[in-house]
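Visitor: next input, structure requested:
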Amino acid sequence: MATKSATSSHMMKTTKRGRPFLKDTLDLFATLVVSLDLTTHKQFFRTFPNSFTTEEAATNLSSLKFSQSTRGPDPRDPSRIVTTTTTTTFSMTRDMAKAMCQHFMDARLIENAADRTSNLFKERGIYMLTPKGLHVLERFISKNGMTADHLLKVFSSQPICLKLLHLERRGTDDEIIVSQSVVTALFRRFAGRSANYMPEQVFKEASAEYHERSKGIPLMDTIDRAQQMVGKGQLQTFTHCFPAVGALEWLCDFTSIVGRDEAAEMAAHFVRFGLITLVNDKRKGGDSAIIFTVRGAATGTASAQGEFRCTAKAIYRITEEGRKIARWDSPRPSGGNAIRSSPNNSTVHLETAARPSADHSAEGGTNMSEVSYGPGMGGSKESIGTTDAKIHRRISMAEKL
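Guide: Sure, this is the predicted structure:
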């Protein structure tokens, strides 16, 4: 048996937004976590198990090495078995390491252990893996045939994302490929199999809350005045509503989207295709807001333009067209999850006319897949598709390491 070594050197590709490509992001994240000793840390009289500090992450990222060995027949002599070892080394400055960790936070791979609502990677902070981060890590370990015994306690004690929707990207610039079939499949995952009105008691426990959120965007009912050109409209109860920021967080948590800007663009496509619509935006005059606008071909189901307001005061709702696309009203197999409807049973539908839902997009289909897990390491993969989208089955972006 012979042994070969392969070495290569290249700079990480970056997108127009200045972020590394998704493949490099996931590979670097998983390699970092494997190198860390996730132990219990203390801060402000609280303890955080399976965590790491800013200093530990920055130190390890400054010189990170990962070796991968594969066995196979020698091309020149098939009777011989050759072991090929590929070593990947990452190196960066401390400031670059902190910026990379901030990118991991934006992608919802890690979170502040002491304050889950914080979006900034800070000095002297303590951080933990998110369920999405554990999903990416487990696929990386399984693909590369690693044992990683020191991480078993993490997998056994923290919730993991059981289904992560992977969106296909262009190889040239790593931008998400958008078509009506992709928007439809993404929206169905976003909306869930039925309207997700979460019980209040689940918010008291993090793992229970995450499990309920995984069923679809949490919804609420909002009482507001209907928008009209002249005068004030009458108060109405709008069902199936959600805050704009909540939609961005959900898309980052349960898909391969790696930042709120990407999430906002996909949400703007939801608006463009008539799946969601703005209920109100009660910002004051001096409040700032970022509005993402997307454009595309106008068809029977899509407008030429859609915008999404990234502000804590904006409320959106799922339209009648969205309900139709999500198939909420389709009969479910017996034994499935019971439909949890709005607590306001007397409300009326607010759409005046249903829009056609046939796929006439001129943008073409693309590839996307949903990776799901059973018990234990590895699991199985389950593809999500649409009528005109070719399904590309894959385990994770980290396979291309």
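
Visitor: would you list every one of the strands in the stretch 251-400 of the chain?
Guide: Taking DSSP state E, counting those that start in this stretch, the strands of the stretch 251-400 of the chain run over residues 276-281, 290-295, 305-310, 314-318, 368-372, 381-382.

Visitor: the first one pairs with which strands?
Guide: Using DSSP bridges, strand 276-281 pairs in its sheet with strand 314-318 (antiparallel).

Visitor: all the helices of the protein, residue numbers only.
Guide: 22-35, 54-62, 94-106, 131-143, 152-157, 180-191, 206-213, 244-254, 260-272, 320-326 (DSSP state H).

Visitor: other SSEs contacting the third one?
Guide: The one in question is helix 94-106. helix 22-35, helix 54-62, strand 110-112 (3 or more CB pairs under 8 Å, 6 or more residues apart in numbering; DSSP states H and E). Any C-beta I mention is one placed from the backbone N, CA and C, and that applies to glycine too.

Visitor: how does it look with 10 Å?
Guide: Secondary-structure packing of helix 94-106 (3 or more CB pairs under 10 Å, 6 or more residues apart in numbering; DSSP states H and E): helix 22-35, helix 54-62, strand 77-91, strand 110-112, strand 126-129, helix 260-272.

Visitor: how far away from the center of its chain is the fourth one?
Guide: A distance of 14 Å separates the centroid of the chain from that of strand 110-112, by CA atoms, centre = their mean, to the nearest Å.

Visitor: that strand: partners in the sheet, and parallel or antiparallel?
Guide: strand 126-129 (antiparallel).

Visitor: what about Leu167, how many neighbours?
Guide: Counted with other CB atoms under 10 Å, the neighbours of Leu167 add up to 21.

Visitor: name the nearest residue to it, ignoring sequence neighbours.
Guide: Distances taken as CB to CB, 6 or more residues apart in numbering place Ile176 nearest to Leu167, at 4.9 Å, with adjacent residues excluded.

Visitor: is the one you found in contact with Leu251, as I believe?
Guide: No. Assessed by CB atoms under 10 Å, Ile176 is found out of contact with Leu251, at 11.0 Å.

Visitor: neighbour count for those two, which is higher?
Guide: Leu251 (27 against 21).

Visitor: returning to that earlier point: what touches both of Ile176 and Leu251?
Guide: When CB atoms under 10 Å, 6 or more residues apart in numbering defines a contact, the residues bordering Ile176 and Leu251 alike are Leu167, Leu186, Ile257, Glu262, Glu265, Met266.

Visitor: number of nearby residues for the last one?
Guide: Close neighbours of Met266, defined as other CB under 10 Å, add up to 24.

Visitor: now do the same contact list for it.
Guide: 167, 176, 178, 182-183, 186-187, 190, 247-248, 251, 255, 257, 292, 294, 308.

Visitor: where does the stretch 101-250 of the chain dip in pLDDT?
Guide: 202-204, 227-231 (pLDDT under 70).

Visitor: can you pull the pLDDT of Asp359?
Guide: What the model reports as pLDDT for Asp359 is 38.
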